[in-house]
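Trainee: Fold the following, please.
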Amino acid sequence: MPKPTAAANATAMPTSSRRAFLKAGGALGTIAALAVPVAVLPKVEAAEQQDAELLALGRELETLWARERELAAECSRLSALAEQMQPAPAPLVLAFELNGEHLLEEKSGQLWVNFRLHDWLRAYDAMWNSPTRQQQPLVAEVLAALGEWQKGGEEAERLSGAAAADDAFEDVTDAISALCDRIVAAPAMSPAGLMVKMRALDWCYPDGTAAAVLRKQADDEEEVTSVRLAASAFRDALAILGVGGAHV
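Mentor: Numbers count the residues shown, from 1 in each chain. Here you go, the predicted model:
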């Protein structure tokens, strides 16, 4: 469907990019068993009691995360159905190009709007939009035909259920993001509590790159020492707990 792409940021991946990645079957972090010496079990159990709220947040995180994966698969299925239902664009839209750039570009078997050219055409059209306008009527015709094709895509998304599935995915992602804020605010008193925080960090990198990102930051000699130390500590914690692709 004709949608602009969003670049991932350094914290949590934006919803549209995250949904696109998960639709494509992106890798997800896994939990490894945590070995604890018998001698420290009483202390650990007492600390875990202090972490009761954090552990509850962790269980909620896992439940919502599982739901997010289910919705990602549903979004992928319904999006493919919507693409089949969408009418083909008008020939003049398919054929339109300017300075070697096409208005519609095919990527991975899908048609995407070249928004740089699209925005230029809209600005050009507005500049000449007047009662006495006579220049470049083709631009207005192309934009009108493109708008009809986009409306057809929106209607296909609505009828197929893809739009509703996307909204549900965004709701769950927003809920997890809010949950992560609560996890940040709760101090961890035990390895189990720390695991919750590492799992939340893992969620921010659905392609399993959390450890790789931290490793790169820790190895960056141009970064300040305190930031490198913090990055290396998080990297090592991921490795100890077996979270976030730390052993890749």
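Trainee: Can you name every helix or strand that the helix or strand residue 65 falls within contacts?
Mentor: Following DSSP states H and E, one finds residue 65 within helix 52-85. Helix 52-85 sits against helix 15-23, helix 137-160, helix 162-185, helix 191-203, with contacts defined as 3 or more Cβ pairs under 8 Å, 6 or more residues apart in numbering; DSSP states H and E. Where you see a C-beta, it was placed from the backbone N, CA and C, and this is true even at glycine.
Trainee: Those helices into JSON lines, with extra columns for distance to residue 78?
Mentor: Converted to JSON lines, those look like this (distance: least, Cβ to Cβ, whole Å):
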{"stretch": "helix 15-23", "distance to residue 78": "10"}
{"stretch": "helix 137-160", "distance to residue 78": "5"}
{"stretch": "helix 162-185", "distance to residue 78": "4"}
{"stretch": "helix 191-203", "distance to residue 78": "23"}
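Trainee: And those, which one averages the lowest pLDDT?
Mentor: Per-segment mean pLDDT for the helices and strands packed on helix 52-85 reaches its minimum on helix 15-23, at a mean of 63.
Trainee: what's the most buried one of the helices and strands packed on helix 52-85?
Mentor: Among the helices and strands packed on helix 52-85, helix 191-203 has the highest mean neighbour count (mean count of other Cβ atoms under 10 Å), at a mean of 22.
Trainee: What is the subsequent helix or strand relative to that helix?
Mentor: Sequence order places helix 210-219 as the next helix or strand after helix 191-203, per DSSP H and E.
Trainee: just to revisit the earlier point, check which residues of the helix holding residue 65 are buried.
Mentor: Residues 54-55, 57-58, 60-61, 64-65, 67-68, 71-72, 74-76, 78-79, 81-83 are the ones in helix 52-85 that count as buried (16 or more other Cβ atoms under 10 Å).
Trainee: same question for it, mean pLDDT?
Mentor: Rounded mean pLDDT across helix 52-85 is 93.
Trainee: what does stretch 213-232 give?
Mentor: 85.
Trainee: So what touches that stretch?
Mentor: Residues outside stretch 213-232 that contact it (Cβ atoms under 8 Å, 6 or more residues apart in numbering) are 10, 205, 234, 235, 238.
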